[in-house]
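Engineer: Next come a sequence and a model predicted from it.
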Amino acid sequence: MTVQPPSAPTESLDAFRTRARAWLAAADIPEVPRDIDSRFATLRQWQKTLFEAGWVGIAWSKQAGGQGLSHLHHLVFVGELARAGAPQPIGLIGLEVVGPSIDRYGTDWQRHELLPRLLSGDDIWCQGFSEPNAGSDLASLRTRAVADGDEFLVSGQKIWTSWAHLSHWCALLVRTDTSVRKQAGISYLLVDMTSPGITTRPITQMTGDREFCEVFFDDVRVPRANLLGGVNEGWAIATHTLGSERAGATLRRRVECEVALDEALDHLRAARGSSSDDRATAAVGRAHVAMRVLDAQTRQTTARLVADTGPTPMDSVDKLLLTDVEQIVFAEIAALLGPLRAVPGARARGLLSQRWAYEHLYSRAASIYGGSSQIQRTIIAERLMGLPRG
Amino acid sequence: MTVQPPSAPTESLDAFRTRARAWLAAADIPEVPRDIDSRFATLRQWQKTLFEAGWVGIAWSKQAGGQGLSHLHHLVFVGELARAGAPQPIGLIGLEVVGPSIDRYGTDWQRHELLPRLLSGDDIWCQGFSEPNAGSDLASLRTRAVADGDEFLVSGQKIWTSWAHLSHWCALLVRTDTSVRKQAGISYLLVDMTSPGITTRPITQMTGDREFCEVFFDDVRVPRANLLGGVNEGWAIATHTLGSERAGATLRRRVECEVALDEALDHLRAARGSSSDDRATAAVGRAHVAMRVLDAQTRQTTARLVADTGPTPMDSVDKLLLTDVEQIVFAEIAALLGPLRAVPGARARGLLSQRWAYEHLYSRAASIYGGSSQIQRTIIAERLMGLPRG
Amino acid sequence: MAEPIDVGAEYGSAVDDYLTRAYDGDRCRALLSAGGWDAGLAAELAELGWHGLAVPERHGGLGAPLSSLGPVFTALGRHLAVGPMLENTLLPAVLHPHWTIAPALAAAVETGVPVALVDPGITDDRTADVGAMTLHDQRLSGAVEAVRFAGQASLLAVVAATEAGEVVCFVDPTTPGVRIDSVDSADPATAFARVALDDVRADGAAPADGGELVARIRSWARLLIACELSGVADHALDRTVTYIGQREQFGQPIGSFQAVKHIAADMYAQATGLRNLCTASLADATDASTADLAVLAWTAKAHAAEVAVRVCEDAVQLHGGMGFTTESDVSACYLRTLALRSWYGDATELQLRIGAALLDRV
Amino acid sequence: MAEPIDVGAEYGSAVDDYLTRAYDGDRCRALLSAGGWDAGLAAELAELGWHGLAVPERHGGLGAPLSSLGPVFTALGRHLAVGPMLENTLLPAVLHPHWTIAPALAAAVETGVPVALVDPGITDDRTADVGAMTLHDQRLSGAVEAVRFAGQASLLAVVAATEAGEVVCFVDPTTPGVRIDSVDSADPATAFARVALDDVRADGAAPADGGELVARIRSWARLLIACELSGVADHALDRTVTYIGQREQFGQPIGSFQAVKHIAADMYAQATGLRNLCTASLADATDASTADLAVLAWTAKAHAAEVAVRVCEDAVQLHGGMGFTTESDVSACYLRTLALRSWYGDATELQLRIGAALLDRV
């Protein structure tokens, strides 16, 4: 496979789609192994392949090493990846959360040193934001960094850090001032995961996945040059980037759900033959309605992304509806497995049990991660509806 | 129809049921008119008929003018009335809320003067507890009573007072002390509805019913002899009686729902003929499951009533489940009306549109009256589950 | 994916503005308890020219696409407008090739005297209860139990079954053999009648394009009712936000209680989702094939039926006892929603049709 | 209405006490990730005599009614007990007339080595996916994709179709023509195998009473699974109450937030309703006709399937990220619930059967 020349910045979406489709049709799309170490290795290699072909950092500026195209181009590629049955690049945390923050708030050294390897997949980044005692109340984090000459000494514990045990770098929020309002005493450090004093422990999810980790920091030394932005400016950086990333994540998830539902429909059609199956019919009807709601909702999301409105409380409406839709879609499909849900290798109505049971379980996490549905409802009530704070 | 002799206190439930069934089979059960004045007159006459035959105050003591039987006997009769398609006596507020309070907390004069006419239906009582600005927060009521010699001068406004415009007496909660905790400054007055200064205004419900009223008190004079219990003891009396009545109300409503569902089933069976109708089949299945849940739940309620445990927070679980069940049952049945729901006189699947649309609408009020579902959930969480007060 | 254009938003705002000025408040409330029909209002709206929006310019209309009626119906729903808007805007626009044989179509646009749609196809579920209509040798026989505004109509557009499929025919309501009996209505914004035809001669459409035309009428009826339901849900939501921000219990507005807040936030999200679904469906409908249009319309109507009912039920709940009285707007919203929910199919019925259509595709 | 007696509550408490002492904690957690079968535990429970509860006294059992197994299964559910309890308690008790031809039934009671029930009737919905089994001339052929504990069983009780209806036959798993392939399990408390029989000679029940017997086994399986699901829901609820009382966010226990409280209160009400439904169903089951027993069992199972899933989903939600990991009990509760939900029918399937049965009654 040869590296294609980066396209002109004015490339139309249709032309871009055609080029992406052609490339994917010829590409050697990897099977994703179940074993977590091989999965990581395979997906990292896939990111490298995508990068070399010019499909990573599509909406990043050329100066930052990207393709200088628009968010819509990026979304088109996300969709084409999903439709081709190809995995997304594994370094999403780096590409969508950490990278944009470094690009915007970083020093020259940080940008030049870190961004190229982040894009290429040579460095995979993880995100050390959440803590065991600060779930929905993210700002109450307690991991401390104390200045010590040219370094910070970091101690504390993070959780829900995906791929931490295999990552090279960590974007870490730390408390640098305990005397002020909780949001005002937080700094953002870029931490080399090979630093002495870091240990990681993968947590098993009920899906069987083990990519989320606890990360323990025990007097870890981080050079002052690795501070992103100023001391105590971490909260603003983190929330800006988390907010910006949300719209992209919503749109990516929409495509994943759409592709999955289409696939389920193919299986159901193939298995149904000529016999009627009212239960599957009703389930497909409900799932389709839900998916259309998400499609309609994300047209607004796309419009906001194009207009670059930045984070808004409307993101919470998106999140709530997205959660609703994916939970409806996968619950409907998974219910069609009947008693064979208990047997992962079986097929019911043409649907492979383990595949759809997995999707269903995974959808249950949607109302928890990225701000629980309870948090989203409070944001909507107070910030969009103007209801009084309790 | 002759008045039957009161049965021996040891009459078995089966014997009692047989006697009730025989009486009802021979009784002249009235059609209930739609017009509210005629409805009131008809139902009042029906209570008199029931009273004269010994079917009112079944579980009241003989001293108080009742039949001296058990709560279970009373429940059997409630069920037999429903199954015979006969209305319940109209004076339920008197029989289940006010009467027991007068019997327990009243003076000799109050008991002898008021209870006999309350039982016979000569006096119909209404309940002046709720106020426009004190819905779920009942104790914040503002209707004031000021002592003035041998009288109280009452001013204020009540709401949701059923049949107020046609009632003879009102059980009224008033504020007699504004300097203490809100629950501690409430008194319970027995007010003659013909007193000068009382005006009533019926409110139309979305069901079309007009038996709930607003009641305005404008310097109404109430003799001190009409105070039930002591001054500022009204809250304890009201909550005791409201609590005791709840179990009975739950059991009565269960019977009504059961009878209605059976009737719907009869219509559906008759209309179905031999054609299959999956939608009706599924609806009946769901409604039956719900009804069985209520049946099972109310076995516990009955056990508590027999053991005379008094009000408990378990009543809130009953209320929540009862609400759930009636809303499921009537939503399922009403949905079978399809577009003909809009045309009250039409029949769909053998179901008369206006009948089942009414039942459905009425069921929606179940989560509001008698303590909203939100209030019940708070009680369950704090008093049964021991969760911390917010 | 179609671009998110806001079809006919301008018309919608105009209707919204007019109704805010001339209809809201006492007049609305009075008409909601007056049987769903008011000749004065019908004439007034006709006068304003609203019915001609989607009528071709050669017939004196504005020639806007049918999708531009969507925002109009959302506005009508938001104001709980009473009367035969579907009959007076959609039918003249869709049936314009037949204006010559049915001049009452043109009159409806001008005067507001409606053309009633006599359609046994308002549900696919237990159609026997609704009735049936057949056409043999250009003569119509049958009955339909529930026809909107038939008692007020100057013309009946009758959907009848033939051996070759369904067709639309026209009948003058004064023709011998036509029997129209007004019946009670549980929909505060609609008057109903039962229509029976006994061997009545029909003027009308050729069977050749009948099926297509009937499908088109029903699809657009579903889309516009979905928009109207979206408007009703918006109205119930608005009233609720106002109410819970003001109503105090336990010394604070009930809208400051988290449990209330979260119910309200769900209403907001659901109503927003429905609004966006309507907008997207209208945008996609314009160029859709008959089959795709049907699926779009089933989908929008199915979701609208479900969401509007849910939002109104929450609105009633958060209003407490007051929401259950006719003195609050939300009770009218709920009754209207319950009536429209199953008109041309509720969620359960339509989901089955959607599922069947999708599973049959190869 | 049967009196609200608490059938077998004593047995339930005994099981509860034992499991609290000897099973909870590390052992439970270890077994939940060990494939759903542990020979040691099976032998231990047999040793305790639990499997003989509903076995007639003449066979050395306690002769208690089948309904007394209900509280036992509730306790098993509450402790997320792993293993073939249904196979070891229900089958020997129901099939006791056949102990002489199938001595493994007695052995199951004594040793805990299970009798597997090979039943294509675990769902009525798309049965083709599950498999089929037929009996001709006393010879069995067919396959069933999912059989609990067939890989561990000393005997197969096979439900097979004949021209005269369904019958139960017995097959020694070592007979030639029997093929048992263990398969992966998504149920943390159950091991599964695929069972195929190729022209295998059957010992077994006479077809005469076959239908009755098969109906009885399935009804009791449904009732006991409903009880187990009720126990699982109770467990998820208990863990959640503890968790939200301790876990702090924004400076207070999350259980003090009204929105969390109200979700928890609904869980409590739902779990209570299910528990009471199970108790009432067991009380009514004892004297019920086969037809009534079937409706009772469908009803209890339908409701259990729905409520247990809902309660577990809320439990996971209120546990936040932690609820989604295998380190919390609620995730195991949820996985167990999802596996049992459709075993012998979920709510959707069974509601249709209930509705059909009720509408067919005259």
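Structural biologist: Arrived safely.
Engineer: Every contact and neighbour count from this point should use C-alpha atoms.
Structural biologist: Noted.
Engineer: Just list the residues touching the nearest residue to C:Thr162 once chain neighbours are set aside, thanks.
Structural biologist: Ranked by Cα to Cα, 6 or more residues apart in numbering or on different chains and with sequence neighbours excluded, the top spatial neighbour of C:Thr162 is C:Leu135, at 5.5 Å. Taking Cα atoms under 8 Å, 6 or more residues apart in numbering or on different chains, we find C:Leu135 in contact with C:141, C:160-162.
Engineer: Show me the shaky parts of the stretch 251-362 of chain C.
Structural biologist: By pLDDT under 70, the low-scoring segments of the stretch 251-362 of chain C are C:361-362.
Engineer: Please list the residues of it that sit near chain A.
Structural biologist: By Cα under 8 Å from any Cα of the partner chain, the residues of the stretch 251-362 of chain C that approach chain A are C:253, C:255-258, C:261-262, C:264-266, C:268-270, C:273-274, C:276-277, C:279-281, C:299-300, C:302-303, C:348, C:350-356, C:358-360, C:362.
Engineer: Mind checking which of the residues you listed are in strands?
Structural biologist: Among these, DSSP state E puts C:Pro253 in strands.
Engineer: among the residues of the stretch 251-362 of chain C next to chain A, which ones are buried?
Structural biologist: C:253, C:255-258, C:261-262, C:264-266, C:268-270, C:273-274, C:276-277, C:279-281, C:299-300, C:302-303, C:348, C:350-356, C:358-359 (16 or more other Cα atoms under 10 Å in any protein chain shown).
Engineer: Could you list which of the residues of the stretch 251-362 of chain C next to chain A also contact chain D?
Structural biologist: Restricting those to those near chain D by Cα under 8 Å from any Cα leaves C:257-258, C:262.
Engineer: List just the nearest of these to A:Asp219.
Structural biologist: C:Gln258 (40.7 Å; Cα to Cα).
Engineer: For that closest one, give its distance to A:Ile375.
Structural biologist: C:Gln258 sits 11 Å away from A:Ile375, taking Cα to Cα, to the nearest Å as the criterion.
Engineer: got the residue ranges for the helices in chain C?
Structural biologist: For chain C, the helices defined by DSSP state H occupy C:9-22, C:26-32, C:39-47, C:69-78, C:85, C:91-94, C:104-111, C:127-130, C:210-246, C:258-285, C:290-319, C:329-341, C:347-360.
Engineer: ok, and for stretch A:104-123, which residues are buried?
Structural biologist: Neighbour-count burial for stretch A:104-123, counted by 16+ other Cα under 10 Å, picks out A:106-107, A:110-111, A:114-116, A:118-121, A:123.
Engineer: so who does the residue of chain C found nearest chain B touch?
Structural biologist: Chain B sits closest to C:Thr325 of chain C, with a gap of 4.0 Å, by Cα to the nearest Cα. By Cα under 8 Å, 6+ apart, the contact set of C:Thr325 is B:203-206, C:331.
Engineer: Could I get the residues you listed in a markdown table, plus columns for neighbour count, secondary structure and distance to C:Gln249?
Structural biologist: Compiled in a markdown table, the contacts of C:Thr325 are given as follows (neighbours: other Cα atoms under 10 Å in any protein chain shown; DSSP: H, G, I helix; E, B strand; the rest coil; distance: Cα to Cα, whole Å):
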| residue | neighbour count | secondary structure | distance to C:Gln249 |
| --- | --- | --- | --- |
| B:Ile203 | 22 | coil | 22 |
| B:Thr204 | 16 | coil | 24 |
| B:Gln205 | 22 | strand | 22 |
| B:Met206 | 21 | coil | 24 |
| C:Ser331 | 24 | helix | 21 |
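Engineer: Using the record's assignment, carve the chain into domains.
Structural biologist: All of this refers to chain A. The record, using automatic domain parsing to delimit domains, assigns chain A the ranges A:13-90, A:125-232, A:236-384.
Engineer: think we crossed wires, I meant chain C
Structural biologist: As assigned by automatic domain parsing, chain C contains the domains C:7-113, C:117-205, C:212-360.
Engineer: Spatially, which residue comes closest to A:Ile58, not counting chain neighbours?
Structural biologist: Spatial nearest neighbour of A:Ile58, chain neighbours left out: A:Gln67 (4.7 Å); criterion: Cα to Cα, 6+ apart.
Engineer: Which pLDDT value belongs to that neighbour?
Structural biologist: pLDDT for A:Gln67: 94.
Engineer: Quick one: mean pLDDT for stretch A:18-33?
Structural biologist: pLDDT averaged over stretch A:18-33 gives 96.
Engineer: Residue numbers of chain A in contact with chain C?
Structural biologist: A:265, A:268-269, A:278, A:280-286, A:288-289, A:292-294, A:296-297, A:299-300, A:303, A:317, A:320-321, A:374, A:377-378, A:380-381, A:385, A:387-390.
Engineer: Give me the subset of those lying in helices.
Structural biologist: A:265, A:268-269, A:278, A:280-286, A:288-289, A:292-294, A:296-297, A:299-300, A:303, A:317, A:320-321, A:374, A:377-378.
Engineer: how many neighbours does the residue lying closest to C:Leu293 once chain neighbours are set aside have?
Structural biologist: In space, and not counting its chain neighbours, C:Leu293 is closest to C:Ala285: 5.7 Å by Cα to Cα, 6+ apart. Number of residues near C:Ala285 (other Cα atoms under 10 Å in any protein chain shown) recorded here: 23.
Engineer: I'd assumed C:Leu66 was in contact with C:Ala285.
Structural biologist: No: look at C:Ala285 against C:Leu66 with Cα atoms under 8 Å: they stay out of range, at 9.0 Å.
Engineer: Please work out which residue of the stretch 251-362 of chain C is closest to chain D.
Structural biologist: Counting by Cα to the nearest Cα, the stretch 251-362 of chain C gets nearest chain D through C:Ala259, at 4.6 Å.
Engineer: That residue and B:Arg377: what is the separation?
Structural biologist: Look at C:Ala259 and B:Arg377: by Cα to Cα, they are 10 Å apart.
Engineer: Identify the residues contacting A:Gln327.
Structural biologist: Taking Cα under 8 Å, 6+ apart, we find A:Gln327 in contact with A:360, A:363-364, A:366.
Engineer: What is the subsequent helix or strand relative to the helix or strand where A:His73 lies?
Structural biologist: If you go by DSSP states H and E, A:His73 is part of helix A:71-83. As assigned by DSSP H and E, the chain's next helix or strand after helix A:71-83 is helix A:92.
Engineer: So which elements touch that next one?
Structural biologist: Taking 3 or more Cα pairs under 8 Å, 6 or more residues apart in numbering or on different chains; DSSP states H and E as contact, there are no helices or strands that helix A:92 lies on.
Engineer: to the chain's geometric centre, what's the distance from the helix or strand just after it?
Structural biologist: For helix A:92, the following helix or strand on the C-terminal side (DSSP H and E) is helix A:99-105. The chain centroid and the centroid of helix A:99-105 are separated by 17 Å, computed with Cα atoms, centre = their mean, to the nearest Å.
Engineer: same question for helix A:99-105, mean pLDDT?
Structural biologist: Averaged across helix A:99-105, pLDDT comes to 94.
Engineer: List the contacts of that helix.
Structural biologist: Here helix A:99-105 makes contact (Cα under 8 Å, 6+ apart) with A:64, A:110-111, A:115, A:118, A:228-229, A:237-238, A:241.
Engineer: Show me the beta-bridge partners of residue 162.
Structural biologist: As the question left the chain open, I've gone with chain A. Counting by DSSP bridges, A:Ser162 is bridged to A:Phe212.
Engineer: my bad, the chain I had in mind was chain C
Structural biologist: Beta bridges link C:Thr162 to C:Gly165 when assigned by DSSP bridges.
Engineer: Good, wrapping up.
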